[in-house]
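> Sequence first, predicted coordinates after that:
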Amino acid sequence: MYGETVKGGPLARQAAMLCRDARFRLYLDRRRRHKFGLSEQDLPDGTHNEQDARDWLCAACGIQSRAALDHQEQAATMFRTIRQRYGRWRLRSRQGDA
């Protein structure tokens, strides 16, 4: 086991897809603006890129690699919470567009 590379499974793949999702990165922009009381001038939409999203997700889940999501239950639970919050935000933002 020592020196073995941890391989990702379904959660790692889902996390990678999430980080590539432009709407998720927009969510991160708006979340950060709200959390820190920033204006859109301070932090414009489109600020977070795929790598930023990956870094944020890993930090939020307390892991070094998305592959760990499939091996650490606490990290997996946090990832599921993040997906749920993002899903609720998407629903609210769609309703605001209507």
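Yes, it's here.
> going forward, measure contacts and count neighbours with C-alpha atoms only.
Will do.
> confidence score at the residue nearest the centre of the chain?
The residue lying closest to the centre of the chain (CA atoms, centre = their mean) is Leu57, at 4.4 Å. As predicted, Leu57 sits at a pLDDT of 98.
> what helix or strand is it on?
helix 50-61 (DSSP states H and E).
> Could I have the CA atoms of that helix written out in PDB?
Only the C-alpha atoms of helix 50-61 are listed here, as PDB (Å, rounded to 0.1, in the frame of the first residue of the first chain):
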ATOM      1  CA  GLU A  50     -11.100  25.200 -13.800                       C
ATOM      2  CA  GLN A  51      -7.900  25.000 -11.700                       C
ATOM      3  CA  ASP A  52      -9.400  27.500  -9.200                       C
ATOM      4  CA  ALA A  53     -12.500  25.400  -8.900                       C
ATOM      5  CA  ARG A  54     -10.400  22.300  -8.300                       C
ATOM      6  CA  ASP A  55      -8.300  24.000  -5.700                       C
ATOM      7  CA  TRP A  56     -11.300  25.400  -3.900                       C
ATOM      8  CA  LEU A  57     -13.100  22.000  -4.000                       C
ATOM      9  CA  CYS A  58     -10.000  20.200  -2.600                       C
ATOM     10  CA  ALA A  59      -9.600  22.700   0.200                       C
ATOM     11  CA  ALA A  60     -13.300  22.600   1.100                       C
ATOM     12  CA  CYS A  61     -13.200  18.800   1.300                       C
END
